[in-house]
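Asks: Sharing a model that was predicted from the sequence below.
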Amino acid sequence: MPQKISLNRNQLKYLVIIAMLIDHIAWAFVPTSSVLGQVMHWIGRLTGPTMAYFLAEGYYYTKNVRKYLLRLAVFAILSWGPFVYFEFGCAPIRVNAGHLIWSGQVLDIYMPSLNMTAAVYLYFGVIYTLFISLAAIWLFDRKNIPILVRIAGILILCKISEYGDWGIYDVLFALIFFRFRTENWKKWGAFCIVAAYFCLTCIFSGQYWDAFFQLGIFMVPLLIQFFYNGEGGSRNPVHKWFFYIFYPAHLLILGFLRFGL
């Protein structure tokens, strides 16, 4: 009888990092409407929610939440430039002539003394979203803070998460994974409700086929529930820091291959 596949936390993280790489290669070089593009993006749906799952686990086990938040904040800033370059082929701040304009995630700040405008791309990668998610979990867990204050704070965090990759959905996933950490039916039930809403909004906001790959998000419960063995794996520091370094590095490389050449 074939042996069940059993993956520890490190192995599962590397698996979803590979899935992220496949997803980003597809965004850069493969048409979304093609079958290959759909398959590659389907695989890529594993990454965001799984990272949110391990973030919630990390909050539960960490001895210093402040250091965890600081680490995410630093690498969110370091990843800002590479992420914007990968998406748009430019620096996150551009100086040109113009006036004060707010257009989606690009803010043009007018400087009258110079008659110039600095275009700031408020568009951040997934590490930014994970930082917001961890802050939301921390606030949710602060029982000494009045409930209405905590709700208001989490709503604000959800709003500003819209400037990051995966946005509000990764924040909600992280909160669900923390709140129902030991209650599998509630955890995956709540996850599937949010995931279904996410998929429906994507499907009905554009061409059905182009958004079909979003359904790959429903592989996440299967991956974690049936293949994750709950063990951490080796404590070698390389496993802790690999994602933080790989994330901006691979965005720079793919951005250069996409725009620099």
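Replies: Happy to help now that I have it.

Asks: hey, let's count contacts and neighbours off CA atoms from now on
Replies: OK.

Asks: what about the spatially most central residue of the chain, distance to M51?
Replies: Centre of the chain computed as the mean C-alpha position; nearest residue by CA atoms, centre = their mean is V126, 3.2 Å away. Spatial separation of V126 from M51 under the definition CA to CA, to the nearest Å is 9 Å.

Asks: same question, C199
Replies: When distances are taken as CA to CA, C199 and M51 turn out to be 19 Å apart.

Asks: could you measure the residue nearest to the centre of the chain against P146, distance?
Replies: V126 sits at a distance of 29 Å from P146 (criterion: CA to CA).

Asks: Repeat that for F178.
Replies: When CA to CA is applied, the distance between F178 and P146 equals 19 Å.

Asks: More neighbours: those two, which one.
Replies: Set side by side, F178 and P146 give different neighbour counts by other CA atoms under 10 Å, the larger being at F178 (23 against 9).

Asks: element containing the more buried one?
Replies: When elements are defined using DSSP states H and E, F178 is found to belong to helix 167-179.

Asks: what's in contact with that helix?
Replies: For helix 167-179, the surrounding residues in contact (CA atoms under 8 Å, 6 or more residues apart in numbering) are 48-49, 52-53, 55-57, 60, 129-130, 132-134, 136-137, 158-159, 161-162, 187, 190-191, 194-195, 198.

Asks: likewise stretch 121-137?
Replies: Stretch 121-137 is touched from outside by 48, 51-52, 55-56, 59, 69, 72-73, 75-77, 79-80, 83-84, 92-93, 105-107, 153-154, 157-158, 161, 163-167, 170-172, 174-175, 178, with contacts defined as CA under 8 Å, 6+ apart.
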